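Student: Turn this into a structure:
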Amino acid sequence: MSRSRIATPDDPRDLPGEFTHRVELEVRFADTDAMGHVNNAVYLTYCEMARIRYWTDVTGEPIAPGHEGAESLILAEARITYRAPVFHGEHVTVETRAVRLGTTSFTLEHRLTAGVPSEPRRLVAVSESVLVRYDYKASAPVALADDFVRAIERFEERTLR
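Tutor: Predicted structure coming up:
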C-alpha cells in the first residue's frame, strides 16, 4: 500500500502527513437524504468500514461475531468534521492511520475525500475514532496484546506508545 495521500487542493483544515491504509467506497443512492447528498451519519459508517478493514488488514484478526466470551473492539469515541457534501455516483476514499496506542485503547485518524473517478478529488471530512479492546465475558476493557501493538507499529513504521 502506498504511504501517500489522495491528492486534493490545499486546505488548511486538512490533516497533514501520510496515511497508511485506504478504503475505496462507492456512494449508494441509499446513502443520500432528502437534500440529495450523503447523510451526515453515513460519513461515520464510512469511517466504521475503514476502521474495521484497518484492524483486520493490519492485525489479521477478524472482528468477533456476537459477544459471548469474545474479545473484540468497541467504539469509545468518534469525532467528525464535515468539509463538503458528497453525492450519489461519487466515490469516497477513507484514508486511515493509527496515531496513538494506549494500554486498552488506540486512536485512528480518518481523512475522507470524494469525487467521480475522472475528476480531481476534494476533501469532504476528517475524523478521529477511539477504539477499546473489550472482553465481553468479563464486561471490561483488556490490554491490547503485544502482538497487536507490534503489528500496528510495524504497519505504521513508527512507535506509537
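Student: Show me where the protein has its strands.
Tutor: Remark: strands assigned in the chain by DSSP state E are 21-26, 71-82, 91-101, 105-115, 122-135, 140-141.
Student: Can you give me the pLDDT of the residue of the chain positioned farthest from its centre?
Tutor: The outermost residue of the chain, judged against the average C-alpha position, is Ala138 (26.9 Å), by Cα atoms, centre = their mean. Per-residue confidence for Ala138 comes out at a pLDDT of 88.
Student: How about Glu48?
Tutor: Confidence at Glu48, expressed as pLDDT, is 97.
Student: Can you tell me which of the strands of the chain is nearest to Leu160?
Tutor: Nearest to Leu160 among the strands of the chain is strand 91-101 (4.2 Å), distances taken as Cβ to Cβ. The C-beta positions use only the backbone N, C-alpha and C, and glycine is treated the same way.
Student: So what are the sheet partners of that closest one and their directions?
Tutor: Sheet partners assigned to strand 91-101 using DSSP bridges are listed as strand 21-26 (antiparallel), strand 105-115 (antiparallel).
Student: can you give me the end-to-end distance of stretch 88-108?
Tutor: Length of stretch 88-108, first residue to last, Cα to Cα, to the nearest Å: 27 Å.
Student: Just the buried residues of that stretch, please?
Tutor: 90, 92-98, 101, 105-108 (16 or more other Cβ atoms under 10 Å).
Student: hmm, back to that, now the residue farthest from the centre of the chain: how far from Ala145?
Tutor: Going from Ala138 to Ala145 by Cβ to Cβ, to the nearest Å gives 15 Å.
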